[in-house]
Structure formats: structure tokens, C-alpha cells
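**Q** here is my input, please return the structure:
(chains A and B)
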Amino acid sequence: MTDWIDIGTLADIPQRGARTVHIGGEKEIAVFRTGDDHVFALINECPHKKGPLSQGIVHGHNVACPLHNWNIALKTGEAQGEDKGCTPTIAVKQEDGRILIARPVSMKDAA
Amino acid sequence: MEFQDGVSPVTDSGDDILVPMDDVREHLVVVGNGMAGCRAVEELLARDAGRYRVTIFGAEPHVNYNRIMLSPVLAGEKTFDDIVINDRAWYADNDIELIVADPVTAIDRAAKSVTANSGRTVHYDKLLIATGSDPFIIPVPGKDLPGVISFRDMQDVDTMLAAAEAGKTAGGGSAVVIGGGLLGLEAAHGLTLRGMKVTVIHLMDTLMERQLDEAAGWLLKSALEARGQTILTGANTAEIFGQGKVEGVRLKDGREIPASLVVMAVGIRPSTALAREAGLAVNRGIQVDDHMVTSDVDVLAVGECVEHDGNVYGLVAPLWDMCRSLADGLTDRHTGYKGSVTSTKLKVAGLDVFSAGDFSGGEGCEDIVLRDASRGVYKRVVVKDDRVIGAVLYGDTADGGWYFDLLKKDEDVADIRDLLIFGQSFASGGGVMDPKAAVAALSDDAEICGCNGVSKGQVVACIEKGACSLDAVRAGCKASASCGSCTGLVENILALTLGDDVQSGPKTMCKCTSFGHDDVRREIVAQDMRSIPEVMQKLHWSTPDGCSSCRPALNYYLLCALPGVYVDDQQSRFVNERMHANIQKDGTYSVVPRMWGGLTNPRELRAIADVVEKYDAPMVKVTGGQRLDIFGIKKEDLPAVWADLNAAGMVSGHAYGKSLRTVKTCVGSEWCRFGTQDSTGLGVKTERMTWGSWMPHKFKIAVSGCPRNCAEATIKDFGIVCVDSGYELHVGGNGGIHVRVTDFLCKVSTEQEALDYCAAFTQLYREEARYLERTAPWIERVGVDYVKARIADDDAGREALRARFLYSQSFSQDDPWAQRAAGAETELHQHLQPISIAAE
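**A** Numbering: from 1, shown residues only, chains lettered A, B, ... in the order given. Coordinates of the predicted model:
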């Protein structure tokens, strides 16, 4: 059964932006809010050279990595276009204005 | 049975209603005389009029009226009588007992009876709960003050009308509407028409964010503002204040808006208290099955108060679906309710808005966007697996029903995909046509370009005279040369007329637009556009919110064209500009304080040394631009680092921005035995003038004190080389991948002239280069002679450029570090919240 962790409200994240969250000493998680108020959570690392995706430009349901402009699909973590690679995603949901993310048992299983 | 609407209930005692002994029909008692309750009865009567004896309880002192039409009543377009759905005769004709102004307060399921406020108790065989929903009141101080109301029933409308009337005698009243959703905007519109000064406060960044995407929300906001309303988005209500009655609203950011009336329209919640107290299963709403039966087989529920399959509906269309299923169930037909796909159609202040289904996009979804700026139209249809799954329409909602129909029927639209966005008459008229065939079918005098009045025949003639590209057509006959909405049509005419000989147009800014950089810049100025959504709308962007290429470019073009009035979008800036520091490969940041002209002093050096120790920075390096770069600072430490550097008098070096970076200098005449002029002093003056300016790309300046050129001024964007007789000015140098030595611009004789020419050149570059184009490729593109003509040969033009630069600087020379160190957007540097869970 999924263990959901309340990490805050939608308003805590800027539209077309992201905030980061640390859970239990594991890798940093980036929680994104898109222009249409969807929320996605990914490990805060680009599959290319581990750029902090949380700092990239969010457009549509994608984020452009701030280091080398790789385009990552927020839903799947997959690099878009010619680039190949995938960032692990974390299940996330919105409930009554709160954002809940699935507690990863171990980051190995996060994908 | 006699009763008067709005005067008194049917009976005035608490006695049970006497039932004729010979009436053996089952008794259906309906709690709620609103749209759902009455509609359910109507559906039932249509199926089997004689099956049940019906009694309806209403809390309001009215017959059944159309709640949706309260807005036109408020607006003065209709009277109450106009919105009555079923008048007294209907109840009488159908032998329905109506009990008004007497809300039911309890249900006794064991005794199968309900008790109303008056004490009246009625036995039922079947009970239908249709209590609708209650307005949600945000729990802020002052919410109970007189003058704070919701927008839910006739009484609210009467209160609003009274406030508007009182305002007239007091010289114009003002109202605040909290909530920029459908209901709030309708209230605001009505109050505006009634002569009140209305301010809408909306918590989210765009209006009606649940029904509309950002582009449509922005259009709506602009149109409402043009009609005199004040719309505050991203505004959070802290308090409603007033002595004895409401006097105004205070926002969390401290702003106060005076008001004699506050309408709270932030949302509704299912009215479930009665059902809950009766022990029925209630989640968000009263839980019902596909036949609208609650957890008690003899109790049904319908409308906004119910929850079906996890969904709660606040719109009227699902209610009709539910009532049909309910009536079927009550008359032993078992169709069953399967949930509703909803659409919203709204008309406020003459503005048409429509949305349906899921328009939030996502994986596998394709957006088809049509923006017709001259008509103020925005359409977006979301297609997934060749099926329409959502639509947002603004300005022209004529095809809303058609899209909604395609969506509900789950129809395959592959065949009409290319024409879908043009609407039903185009896409399905005369069978399936491709866009070229559609254009071919147009007559010669059909208008192609509405802006310039160009017909199809004129476009064809222009092409036959030799125009074989879009640009050539634009130049030849003006078609598509203004708003550009007919570009697709012109391209199709080109393709039809020339076959494969069409020349592809100039490179567009990105895949989101058919416009090139220069076109976009020109249009921003020509149309006085002030925000990114506005540009995207008016220039027909084909994506809902652009991409990582066009967004930073648009932000810059707006900033450059309209300093002081444009709306900056932080989220459209690259990370370095957002964080005011340079991101490094490990995700940490480097921080470069400004050292004017490369000068520093013990206090600054001490402050830097202290920062390096305090924040454990692993490296400090002198940069190529003569500044000190502190490496390895964590995102969360940045505000504290800035505060410490600010305390020593240092400001941001903008080493991170597409902006003026550094002014490099040599020591010049003050110390150097070869120095001819005070190059350090001039460098400081130059940096004081240019710092903080945003550019198409990074921009570096250097001042060398003599032709030995120790400051390397001849590979900078703007270089000054001091000579005995004055100052040689150089432009377009670059020490990057392709080293480029500057072009000589001209020679001037005074420091002031050197500064003036520098300002003018900088502004020319800012205004004319494309985003991310440095001065070197820009000058190679336009030619150095052009730059000389604009800067050296045109005194008036140079002066105008200089004046525009200095004007722009009056808005940009504030230290971003100081703002952030003082607490602005601190949260962006922090993790969402500390969560400490032991890792397993």
C-alpha cells in the first residue's frame, strides 16, 4: 500500500516552477507545478549530467534542464527528442488543495 | 390549495398534512424545491404521472426558479418572474403539495418521516433529498459582518441591488467580489452594470482556472478590465474589516480595498448536513448508486448534494442526466446513471467562454491552437488517440457544442484532424476536405487578409507576378503582413499556385510560432504588448505556454521595448537570472560581487574572505573580467551570502545574466608610465552607467589606458582605447569560441562623449539584436557600416538611443541581491518543508 506524504499546498510552488523536498536522507526530489496546475515529482537530477531539474524552465508538461537544456517530460521522466535517458518519477497527487507524494521505500524503487 | 409566493407557507400550523383516505399511492417527499428536485419530479411525471403522490419542501419562500438566471436578474436583464421555471399553476395542475419557507430539519428513517423547521412532520414511502449546495465561506476575520454575502439565492440578489441603490445616493458604491470563478465574475458583472465600482479578488494567477487555460483566462481578464472592473489575481484575502458593517477588504500583502459590499463566491460545497445526521453514507456528497439511491433503499438523492462514483458536480447538465436516471429508477426502468462529462458555457459582459472535458494536456495529447487576434478569438482543442478529449474556446464559442458532442461520442476525428479547429461548418461541410482543397474552393473575391482587405484573387495575382515566398507576398500585396492570422491561408495559396516552388520563409523564433524574432519585436512595439500571454495570443502562438526557447526571448523583448510597464515573468528567465548566481555543474552556485572597474578595498576583501570561510566555499577565483568569483555556494545559503556581501556595500555583479557583466580596466594615467587617460576612472563611470542593464546576451566592456591595450578592449562588446588625443571606440569584439577583434566605430575627444556613444551603442544592440545573439554575430549580420551610420553619423538618432537607454536604466539599477536578502522569494531557496523520515 502506498504511503502518502503531505508536503504542502499548490500555492507553495510557483506556477511553471518547482520546489525541492528531502525525504529521509535520500536523493532530493523536485516537485513541479505546470502552467495548468498539474503537479509532478521527479528525482532532482537530469539523466544527462545530473543537472538540478528543479531549476529549469517549465513549459507545457516538460522541463528544460538548466545545465544543457535537455528536455525532460515531467510525467515519465524521459528525455525528449534525440536525447536518451530517464529520470525516476515519484507518484504524486493533489487532494483538497494539498500535495501528497508517495513515500519511496528506496530510491531504487522510485521509478 | 392556496399559497402565495413569497408570503406564507401552505399551512401555518405544525400539524401533519391530512391525506385523503382514498389516496393509496406511494408518497414521494422531496426535500428541496430547487432545480434538481423539481426537475426530478418533472421527469417522473413525464414517465408515470399517476404513480406517486408528491410533496415538495422548499427552504426559500419561492416557487421553483432557475438559479442560473440569478445573474441576469442582478444585471437587470430579467425579472424574477422571467426566471420562474414552474409557477403555482404547475404544482396545482400536477397535484403536488408545495411547502415553502419551511426547511426540513430532520429525517427519521426508522419512522420514514421528515420534520420541518415549523415542527410539521410528514410520512414518506420514498424520500428524495435535493438540498443542493451551500456557498463556501472562507474563514477570515470579518466574514460575519453585515454586508458580507454569498451569491446563491434571490435574497442575495436583493441585498446586492439594495447596496447598489444605496451607493447611487452616496455617490457610487464600491463592491469587492472574492473569487474569480464563474459565479464571482457573474456577480461582478451584474454589480458593474448596476453602477458599482467592482474589484475582483482571485487567489489563483488566472481567472476561472478550473474551466479555462491560462491564455483564455488572460483574455477574459483583459476584457473585464476594459469594462472597468479591477481584477486582482494572485491576491489572498487576509481580513474583511469594518465597524458594525463591512468597510473593506485587506489582502495578505497589506493592500486595502474599500467596499460597502463584499460578495464571497469562492466555491460551493454539497449540502449534506441533513443526510449526515440521518445516518446516510456521506463522503464529499451524499453517496448514491447509478439509480441515485443512497445507502437507504427508500431514500434517493440528486443534484449538487450527491457524490456519484467519486464525482461531485456543480453544473446543471449532470443534474439533468441524474434526474433522468432517477425517474427511470422510480418507474422501474433501469438505465442507470454513468456519470457526466461536463462543459461550461459562460457569457459575462458579452464575452463568450466555453470549456469541456480535459484540456490540461499531458502525455500523448496534442494541442491544436487557433488564435485570431483581430477577432479576439482563442480556441484550443485537445486530441488524444484521434479523439477529442477537451476544448477551451474564448470569443467564439459557436462550435462548443460540436466539440462537446465529438467528445461525448468519443468519435474518431483522424479524417477531419486538419480542419477540426476551424469548426463544424468547415470541417464537416461537404465531406472531408484538406486545407488546400478548402482554399482552392474559395472564390477569387473571397477575403483572405482582413487587416489589409486582400482577396484571394489579389494574392494569386501577386504570386503570378513573381512572389514565391510568404515574405514576397507580404511585401507585394500586404496579405498576412499585419496580424498574421491569415498566414496559413496565404501559404496554402502559395502552395496551390506554385506547386513545389515555394521558398521557405525566414527562420521562426521556435516551433511555437510562425514569426521570426524581428517580426515579434516589431509587433510588440507596434501593438504595445506588455506580457507574455498577450504576445502569445496576439501573435497566434501554437502552444499553450510556449517553450524554453521563446519564453526567455519574449520576456527580454518586452523588457526592452516597454521598460517600467511590461510584466516580468521570473519563470521565463534562465536559472542564473532567477537565482542571481551562476549554476555550476554540481548544482551549487557561484557568486560574483560587483567590483566597479575592477577596484576593491580592504573592507570588501574582508567581506569576501568572511563569506568564503562562513559558507565553506571550496574555491575563490579571479575572473577574466577582474572580479572575485566565490564557488560552491548552496542554493539555500544564497540569501545569507548576499546579505553578508550587501552589508559590506557590495551588490550583485550580474555575472550570471544576459546583461552587462563587467567593465575591465587597466590602471591608466594615474599609475602607468604609458597611460594617456584615466582608464580606471572612466571604467568605473562606464560601469556605473551600464550596470543592471539586461541584454540579448552577455555584454562586456573594457577601457584600456593606452594603445598597449592591457585591458584587452579590442575583444570586448564595447571597447574604449585611450589615446593622447582622446578615445577610440571599438565594437563587436568577442573572446569566445570564435575570437573576433572589434570593428573600429569612431574616435571621440571627451570622456562624456565616450560614455554617450557607449550608451547609444548598447541600446542599439539591445533593441535590434535577436535574443542570444552576441554583438559579434549581430554586427556581422547587419554590417558595421550600419552601426556607424546609426551611432557615429546620426547625432539625433544617437541622442535618442542614449536617452532610451538611460530611461530604461532608471528601472533596472536596483540590486537584486538586496531584494532577495531582504526576504523576497526566500522560499524559492528552501526545501518545501523539513520532512525527517528515517530512510529504510
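**Q** tally of neighbours for the residue nearest to residue B:693 when sequence neighbours are not counted?
**A** In this structure, residue B:693 finds its nearest non-sequential neighbour in residue B:660, 4.9 Å apart by C-beta to C-beta, 6 or more residues apart in numbering or on different chains. For glycine as for every other residue, the C-beta is placed from the backbone atoms N, C-alpha and C. By the criterion of other C-beta atoms under 10 Å in any protein chain shown, residue B:660 has 26 neighbours.
**Q** report the beta-bridge partners for residue B:660.
**A** Listed beta-bridge partners, residue B:660: residue B:699 (assigned using DSSP bridges).
**Q** what do you get for the one 4 residues further on?
**A** Per DSSP bridges, residues listed as beta-bridge partners of residue B:664: residue B:702.
**Q** for the residue nearest to residue B:693, what are its contacts?
**A** B:654, B:687, B:690, B:691, B:692, B:693, B:695, B:699, B:700, B:701, B:762 (C-beta atoms under 8 Å, 6 or more residues apart in numbering or on different chains).
**Q** and of these, the nearest to chain A?
**A** For the contacts of residue B:660, the closest approach to chain A (C-beta to the nearest C-beta) belongs to residue B:654, at 17.5 Å.
**Q** ok so, going back, hmm, which of the contacts of residue B:660 are the buried ones?
**A** Buried subset of these (neighbour count, 16 or more other C-beta atoms under 10 Å in any protein chain shown): B:654, B:687, B:690, B:691, B:692, B:693, B:695, B:699, B:700, B:701, B:762.
**Q** what about the fifth one, which SS state?
**A** If I follow you right, that is residue B:692. coil (DSSP: H, G, I helix; E, B strand; the rest coil).
**Q** that one touches residue B:653, doesn't it?
**A** No - with contacts counted by C-beta atoms under 8 Å, residue B:692 stays clear of residue B:653, the gap being 10.7 Å.
**Q** what about the helices in chain A?
**A** Per DSSP state H, chain A carries no helices over any range.
**Q** counting neighbours, what do you get for residue B:456?
**A** Residue B:456 has 22 neighbours, counted by other C-beta under 10 Å.
**Q** just to revisit the earlier point, so what's the residue nearest to residue B:693 scoring on pLDDT?
**A** If you check residue B:660, the pLDDT there is 96.
**Q** got it, and residue A:24?
**A** If you check residue A:24, the pLDDT there is 68.
**Q** do residue B:259 as well
**A** At residue B:259, pLDDT is 93.
**Q** that one contacts residue B:249, doesn't it?
**A** Yes - with contacts counted by C-beta under 8 Å, residue B:259 reaches residue B:249, the gap being 6.1 Å.
**Q** which residues touch stretch B:553-564?
**A** Outside stretch B:553-564, the residues within contact range by C-beta under 8 Å, 6+ apart are B:509, B:517, B:520-521, B:524-525, B:528-532, B:535-536, B:546, B:566-569, B:572-573, B:658, B:694, B:696, B:766-767, B:770-772, B:807-808, B:810-812.
**Q** with just CA atoms, put that stretch into PDB.
**A** Output of stretch B:553-564 as PDB, limited to C-alpha atoms (Å, rounded to 0.1, in the frame of the first residue of the first chain):
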ATOM      1  CA  ALA B 553      13.300  35.700 -25.500                       C
ATOM      2  CA  LEU B 554       9.800  37.100 -25.200                       C
ATOM      3  CA  ASN B 555      10.500  38.200 -21.600                       C
ATOM      4  CA  TYR B 556      13.500  40.100 -22.900                       C
ATOM      5  CA  TYR B 557      11.800  41.700 -25.800                       C
ATOM      6  CA  LEU B 558       9.100  43.000 -23.600                       C
ATOM      7  CA  LEU B 559      11.600  44.300 -21.000                       C
ATOM      8  CA  CYS B 560      13.500  46.100 -23.700                       C
ATOM      9  CA  ALA B 561      10.500  47.500 -25.500                       C
ATOM     10  CA  LEU B 562       8.500  48.700 -22.600                       C
ATOM     11  CA  PRO B 563      10.700  49.300 -19.500                       C
ATOM     12  CA  GLY B 564       8.700  50.100 -16.500                       C
END
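**Q** what residues sit buried inside it?
**A** So, applying 16+ other C-beta under 10 Å, buried residues of stretch B:553-564: B:553, B:554, B:555, B:556, B:557, B:558, B:559, B:560, B:561, B:562, B:563.
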